[in-house]
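>>> With the input below, show me the fold.
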Amino acid sequence: MSKDKLNLIELKIGDELFSVLKEINLRTKIPLTKIVISILNEKLQDIKELNYNKEFIEDYKNIDNNLETQIRFRINENEKIFLEKQMEKTGNKSLTSEIKYRLINTIYKNKYFLPIELEKLNNLNTQIKKIGVNINQILKKINLKKDLENIDYDNFINNINEVNIKIHEITNEIKNTLKLASKRD
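Reported below is the predicted structural model:
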């Protein structure tokens, strides 16, 4: 593969991550760029095999750029295209954030949630709160014995069953999200 067919990508990483990469470099005598590329290639292959797309959840706008270390490396066109497709699916805004997410999740044991996963969890949390509010309103009416004569009990039971179904669906979504997040090794 010729150098003119490779794409240059700049990565800014924190000192802690750079230290881990440097330690790998010292132990293996492999250049940093090759270490990063091999980690990315391995993760990209894992994702292709899993057919599961991940995205980065960290907001790097709050990180002080003076504390970061810059690493440059090259990738081929196919890798770039693949990363761009993954970026669209995962919600990352740039190739750098996509690569950084994959690199960090490769190095650290505690995996990060993706923006899409966090959004789903927040939506589920909101739905659970709404269900709780509805249940509280029902209980208030029952406790106050307000309009108990006028309650359509069949409709009431159907509504309770719908709430139970919704809670079950939300619980399954949360379990699936956590299961997928735990597979990040």
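>>> in stretch 126-141, what counts as buried?
By 16 or more other C-beta atoms under 10 Å, the buried positions in stretch 126-141 come out as residue 131. In short, each C-beta sits where N, CA and C put it, glycine included.
>>> Please state the offset of that stretch from the chain centre?
What separates the centre of stretch 126-141 from the centre of its chain is 29 Å, taken as C-alpha atoms, centre = their mean, to the nearest Å.
>>> Over to stretch 96-115?
Using C-alpha atoms, centre = their mean, the offset of stretch 96-115 from its chain centre is 9 Å.
>>> swap in stretch 75-90?
Counting by C-alpha atoms, centre = their mean, stretch 75-90 comes out at 17 Å from the chain centroid.
>>> would you put the C-alpha positions of that stretch in CSV?
Extracted in CSV, the C-alpha atoms of stretch 75-90 (Å, rounded to 0.1, in the frame of the first residue of the first chain):
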residue,chain,number,x,y,z
ILE,A,75,-5.2,4.6,8.0
ASN,A,76,-6.1,3.3,4.6
GLU,A,77,-9.2,4.4,2.7
ASN,A,78,-11.2,1.3,3.6
GLU,A,79,-10.6,1.9,7.3
LYS,A,80,-11.6,5.5,7.0
ILE,A,81,-14.8,4.7,5.1
PHE,A,82,-15.6,2.1,7.8
LEU,A,83,-15.0,4.5,10.6
GLU,A,84,-17.1,7.2,8.9
LYS,A,85,-20.0,4.7,8.6
GLN,A,86,-19.6,3.7,12.2
MET,A,87,-19.5,7.4,13.2
GLU,A,88,-22.9,8.0,11.5
LYS,A,89,-24.4,5.0,13.3
THR,A,90,-22.9,5.8,16.7
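>>> What mean pLDDT does the strand or helix carrying residue 88 get?
Assigned by DSSP states H and E, residue 88 belongs to helix 77-90. Helix 77-90 carries an average pLDDT of 88.
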